[in-house]
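J.: sharing a model that was predicted from the sequence below.
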Amino acid sequence: MDTDAFQCEAGVLLPSRLWLYTNYDCNLSCTYCVAESHPRAERRAIPLATFQQLIAEADEAGFTEFFLTGGEPFILPDIHERIASAIERRPTTVLTNAIVISGQRLERLLPLRDSRLTLQVSLDGARPELHDAYRGPGVWAKTVDRIRELVSLGFHVAIGATETPANTGHIDELRIFVAALGVAEEDFFVRPLAKRGFSSEGIELGAADIVPELTVSNEGFYWHPLTTGPDLLLTKRLFPLRDALSLLHTQYHAVLRSGGRPRPFK
């Protein structure tokens, strides 16, 4: 059993992180997006009150971290209220392409700049052609500009890269570039490309292959943030959260009994 992904509380194993799909619409149209997000995608946002109740129940259940993903979370007009609710209880990471974090969005984010908030920005290459191959022309330059500004303002920035056929021989170059941007070595990681959503390339993964991390959208709870597809759906009931957690625990042990060998997948 993966002891890094799970902690024990009163004899019950539970994931340490709760993932929340805040929304599904995005300012970009990345061709490998596992969530099938794009500018015209239906928002499917978790209502603010529902989000806050999920955060409260997760805190009470013993989760130690929150991860907000999408879509592009910073498209939401109330994302700052969501972040404030989350970091009040637990350290929180927001996954973003960072491009829209400017102007009033940035000004409203400044008061939330503290050690409990991490902005995890997607960056796939040290050069435009390596990043823009999947994310679109001109995206690299905008992303790097935002990273530099966020770091200069004192935000805790992490970089998540997806290894693709375009950049697979250039990861060390990216690592050096990220360090030059002022991002700590421990805040840089690389994940494999998964064949999900819009992606026609990458590794194929199901519940038997992945150590679960409880994930929630407006439509239910899921096995892992890799996808909110029907094959990883746990339940459509959002409350109480502990019921979904119990179901995840039961199904995880069923996978282990059946011979599955799930591994962590960042």
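T.: Here it is on my side, so go on.

J.: centre-most residue in this structure?
T.: Thr69 (4.3 Å; C-alpha atoms, centre = their mean).

J.: so who does that residue touch?
T.: Contacts for Thr69 (C-beta atoms under 8 Å, 6 or more residues apart in numbering) come out as 19-22, 35, 94-95, 225. Using the backbone N, CA and C atoms, a C-beta is placed for each residue, glycine as well.

J.: in the sheet, who's paired with it?
T.: Tyr21 (DSSP bridges).

J.: retrieve the pLDDT associated with it.
T.: Confidence at Thr69, expressed as pLDDT, is 97.

J.: what about it, distance to Leu234?
T.: The gap separating Thr69 from Leu234 is 17 Å, by C-beta to C-beta, to the nearest Å.

J.: also Phe265?
T.: Going from Phe265 to Leu234 by C-beta to C-beta gives 17 Å.

J.: could you do Ser246 as well?
T.: 10 Å.

J.: which one's more surrounded, these two?
T.: Leu234 (21 against 13; other C-beta atoms under 10 Å).

J.: surely that one meets Phe221?
T.: Yes. Contact criterion C-beta atoms under 8 Å: Leu234 and Phe221 qualify, at 4.5 Å.

J.: between those two, which contacts overlap?
T.: By C-beta under 8 Å, 6+ apart, the residues touching both Leu234 and Phe221 are 244, 247-248.

J.: and of those residues, the nearest to Asp187?
T.: For the shared contacts of Leu234 and Phe221, the residue nearest Asp187 by C-beta to C-beta is Leu248; the value is 27.8 Å.

J.: quick one: low-confidence parts of the stretch 1-150 of the chain?
T.: 1-14 (pLDDT under 70).

J.: pull out the buried residues from the longest strand anywhere in the chain.
T.: Ordering each strand of the chain by length in residues (DSSP state E) puts strand 156-163 first. Applying a neighbour-count criterion of 16 or more other C-beta atoms under 10 Å, one finds 156-163 buried in strand 156-163.

J.: avg pLDDT for it?
T.: Here the average pLDDT along strand 156-163 is 96.

J.: quick one: strands adjacent to that strand?
T.: strand 117-122 (parallel), strand 188-192 (parallel).

J.: now the helix or strand just after it against strand 117-122, angle please.
T.: Helices and strands here follow DSSP states H and E; after strand 156-163, the next one along the chain is helix 171-180. Angle of helix 171-180 versus strand 117-122, following axes from the mean of the first three to the mean of the last three C-alpha atoms, to 10 degrees, is 140 degrees.

J.: got the buried residues for helix 171-180?
T.: 171, 174-175, 177-178.
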